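Peer 1: Give me the fold of what follows.
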Amino acid sequence: MVKLRFMGGTHEVGRNAILVESEQARLLLDYGVKIGDEPEFPAHVRATDIDCIVVAHAHLDHSGGVPLFYLSERKPFFATTVTIELMELLIKDFIKLSGYFLPFEYIELENMMRQRKDLSYGTEVKLKDINFRLVNAGHIPGSAMVELSANGRRILYTGDLNTLDTRLVHGARVPKRRFDAVIIESTYATTDHPDRRELEEAFINEIKDVIYNDGRVLVPAFAVGRSQEMLSVIHAHKLRTNVVIDGMARKVNEILLDHPDCLRTPRTFMKIISGTREVRGWRDRREALKRAGVIVAPSGMLQGGTAVFYMERLALDERNGVFLVSFQVPGTGGAKLLETGRFTIGEREEVVKARVRHFDFSSHAGKTQLEAFIRGLRGKPDIYVIHGEPESCDALTQWIRDELGLNAVAPNDGDEFNV
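Peer 2: Okay, the predicted model is just below:
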């Protein structure tokens with residue numbers, strides 16, 4: 001028997017954490033944070049009570065709380081090399097921005113990095129009576145699903161999942177092994193994404209229209225994954241304009257170039273980055289405002305970052321464009337912009353005159369892909385649905401029960417199950 005305890009990320013997006021307990025070992029799958037006015041962490045578990053942590057990918061909703069386990073203990077944590085290096089970058093920035101609210105500091109991050117255990121996809125790890133390995137999840141570079149076995153039971157944790165190839169990474173494949181339990185995300189369980197080819201063409205045509213009218217296009221994008229995907233889309237469509245990258249995305253580019261095996265087309269990505277101008281200071285930033293056709297900059301939701309600098313200078317000119325390329329969490333600057341057409345510049349709420357568009361370049365599986373993935377699983381696993389808004393978790397759970405006749409549940413925080 002294996003016990004699963006859900007400690008966060010249930011009926012919500014953020015602060016993922018699942019404790020897996022076998023007869024001999026206790027393994028933690030992710031320990032993320034939910035970003036808000038004050039960061040929210042999963043339920044508490046003592047560092048002395050776990051044997052290791054496995055991190056599915058670098059985004060803070062999966063990794064942001066891991067330093068909490070390094071106040072005094074020395075427990076190994078496992079992830080792909082790219083995930084570990086991106087985690088360090090993102091958590092450093094998280095401490096810088098939110099340090100006042102955090103129960104850890106840079107020293108805990110340094111302690112954590114000393115306990116890193118880098119894994120390649122497919123490498124088997126034995127921890128007491130638990131065996132596990134990581135396989136590609138198709139979400140961002142380095143992202144992984146976790147396959148575990150213990151006490152004769154097999155468990156799959158999908159983390160964040162995308163089964164379609166993107167410009168940046170190969171999509172996930174349905175594992176061939178049979179599982180007794182599957183823990184799956186449900187971010188987009190009720191909606192499908194637009195056709196990617198049509199979406200790219202619409203995005204590029206809007207950029208061309210702005211540039212033709214002597215405007216500049218700001219693309220606020222997540223530093224990890226989305227910024228690189230947007231550069232790849234622009235390159236693939238042979239857009240003839242100066243493209244500039246700013247903010248943390250520059251460092252992410254360096255990490256990905258150091259680990260080309262995490263990319264779908266490494267040579268193409270090298271060409272893309274060498275052809276993109278990097279902003280390295282305020283002088284470059286001011287120059288970009290005059291000469292760039294497209295500026296790609298974090299944050300993707302217009303909550304701080306260099307994107308806000310450009311937004312404040314481009315928003316009031318109707319020739320310019322602001323093209324949002326990711327989900328906008330309610331309450332963020334990007335969400336407010338889409339809802340009201342306004343943005344705070346200085347101390348004032350201003351009506352944005354620039355062309356505002358939203359393009360759904362998601363790195364998560366949509367409804368159809370999630371359902372196909374579950375249909376493709378072998379055997380009759382019990383399925384636990386997490387990492388979605390309440391309606392998404394419940395809808396996917398109901399679909400699994402009704403359509404496939406499998407046992408399915410959308411757990412709540414603190415729920416425990418025996419596999």
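
Peer 1: rest of the way, CA atoms for contacts and neighbours
Peer 2: Will do.

Peer 1: before we move on, which element is residue 255 in?
Peer 2: Using DSSP states H and E, residue 255 sits in helix 249-258.

Peer 1: pull the CA atoms of that helix into CSV?
Peer 2: Extracted C-alpha coordinates of helix 249-258, given in CSV (Å, rounded to 0.1, in the frame of the first residue of the first chain):
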residue,chain,number,x,y,z
ALA,A,249,14.3,36.1,-20.1
ARG,A,250,17.9,36.9,-21.2
LYS,A,251,19.3,34.8,-18.4
VAL,A,252,16.8,32.0,-19.2
ASN,A,253,18.1,32.1,-22.8
GLU,A,254,21.6,31.5,-21.6
ILE,A,255,20.5,28.5,-19.5
LEU,A,256,18.7,26.9,-22.4
LEU,A,257,21.6,27.5,-24.7
ASP,A,258,23.8,25.7,-22.2
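
Peer 1: right, and the helix or strand after that helix?
Peer 2: helix 266-274.

Peer 1: what does that following helix contact?
Peer 2: Helix 266-274 has contacts (Cα atoms under 8 Å, 6 or more residues apart in numbering) with 231, 232, 235, 253, 257, 260.

Peer 1: how about the second one, phi and psi?
Peer 2: Taking degrees, to the nearest 10, you get phi -70, psi -40 for the backbone angles of residue 232.

Peer 1: Please report the distance of it from residue 359.
Peer 2: Distance of residue 232 to residue 359, given as Cα to Cα, to the nearest Å: 15 Å.

Peer 1: right, and residue 175 touches residue 374 too?
Peer 2: No. Residue 175 lies out of contact with residue 374 (Cα atoms under 8 Å); the separation is 10.6 Å.

Peer 1: Give the other helices and strands that the helix holding residue 255 contacts.
Peer 2: Judged by 3 or more Cα pairs under 8 Å, 6 or more residues apart in numbering; DSSP states H and E, helix 249-258 is in contact with helix 81-98, helix 226-236, helix 266-274.

Peer 1: Of those helices, which stretch is the most buried?
Peer 2: helix 226-236 (a mean of 21; mean count of other Cα atoms under 10 Å).

Peer 1: tell me the angle of it relative to helix 266-274?
Peer 2: Helix 226-236 runs at 100 degrees relative to helix 266-274, counting by axes from the mean of the first three to the mean of the last three Cα atoms, to 10 degrees.

Peer 1: Next, the angle from helix 226-236 to helix 249-258.
Peer 2: 70 degrees.

Peer 1: and helix 226-236, how far out from the chain's middle?
Peer 2: Distance of helix 226-236 from the chain centroid (Cα atoms, centre = their mean, to the nearest Å) equals 16 Å.

Peer 1: Pop the domain breakdown of this structure in here.
Peer 2: 3-191+363-418, 196-358 (automatic domain parsing).

Peer 1: Just name the most buried of the ones you listed.
Peer 2: Sort the domains of the chain by mean neighbour count, taking mean count of other Cα under 10 Å, and domain 3-191+363-418 sits at the top with a mean of 20.

Peer 1: Give me the phi and psi angles of residue 27.
Peer 2: Main-chain torsions, residue 27, degrees, to the nearest 10: phi -120, psi 140.

Peer 1: And it, what's its pLDDT?
Peer 2: Predicted confidence (pLDDT) for residue 27: 98.

Peer 1: Also residue 13?
Peer 2: pLDDT, residue 13: 89.

Peer 1: my guess is it contacts residue 391, does it?
Peer 2: No. Taking contacts as Cα under 8 Å, residue 13 lies outside contact range of residue 391: 11.8 Å.

Peer 1: Do a quick rundown of the strands in the stretch 301-419 of the chain.
Peer 2: 321-324, 342-345, 348-351, 355-358, 382-386, 408-409, 416-418 (DSSP state E, counting those that start in this stretch).

Peer 1: what packs against the fifth one?
Peer 2: Okay, so that is strand 382-386. Against strand 382-386 (3+ Cα pairs under 8 Å, 6+ apart) you get strand 181-185, helix 390-399, strand 408-409.

Peer 1: Return the list of strands paired to that strand, each annotated with direction.
Peer 2: Applying DSSP bridges, strand 382-386 is found paired with strand 181-185 (parallel), strand 408-409 (parallel).

Peer 1: Could you pull up the mean pLDDT of the longest one?
Peer 2: The average of the pLDDT scores along strand 181-185 is 98.

Peer 1: Tabulate the CA atom coordinates of the helix or strand just after it in PDB.
Peer 2: Helices and strands here follow DSSP H and E; after strand 181-185, the next one along the chain is helix 196-212. Coordinates of each C-alpha in helix 196-212 appear next as PDB, following Å, rounded to 0.1, in the frame of the first residue of the first chain:
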ATOM      1  CA  ARG A 196      -1.800  26.900 -33.100                       C
ATOM      2  CA  ARG A 197      -1.200  27.600 -36.800                       C
ATOM      3  CA  GLU A 198      -4.100  30.000 -37.100                       C
ATOM      4  CA  LEU A 199      -3.100  31.600 -33.800                       C
ATOM      5  CA  GLU A 200       0.400  32.200 -35.000                       C
ATOM      6  CA  GLU A 201      -0.800  33.800 -38.300                       C
ATOM      7  CA  ALA A 202      -3.200  36.100 -36.400                       C
ATOM      8  CA  PHE A 203      -0.400  37.100 -34.000                       C
ATOM      9  CA  ILE A 204       2.100  37.800 -36.800                       C
ATOM     10  CA  ASN A 205      -0.500  39.700 -39.000                       C
ATOM     11  CA  GLU A 206      -1.400  42.000 -36.000                       C
ATOM     12  CA  ILE A 207       2.300  42.700 -35.500                       C
ATOM     13  CA  LYS A 208       2.800  43.500 -39.200                       C
ATOM     14  CA  ASP A 209      -0.100  45.900 -39.100                       C
ATOM     15  CA  VAL A 210       1.300  47.800 -36.100                       C
ATOM     16  CA  ILE A 211       4.800  48.000 -37.600                       C
ATOM     17  CA  TYR A 212       3.400  49.100 -41.000                       C
END
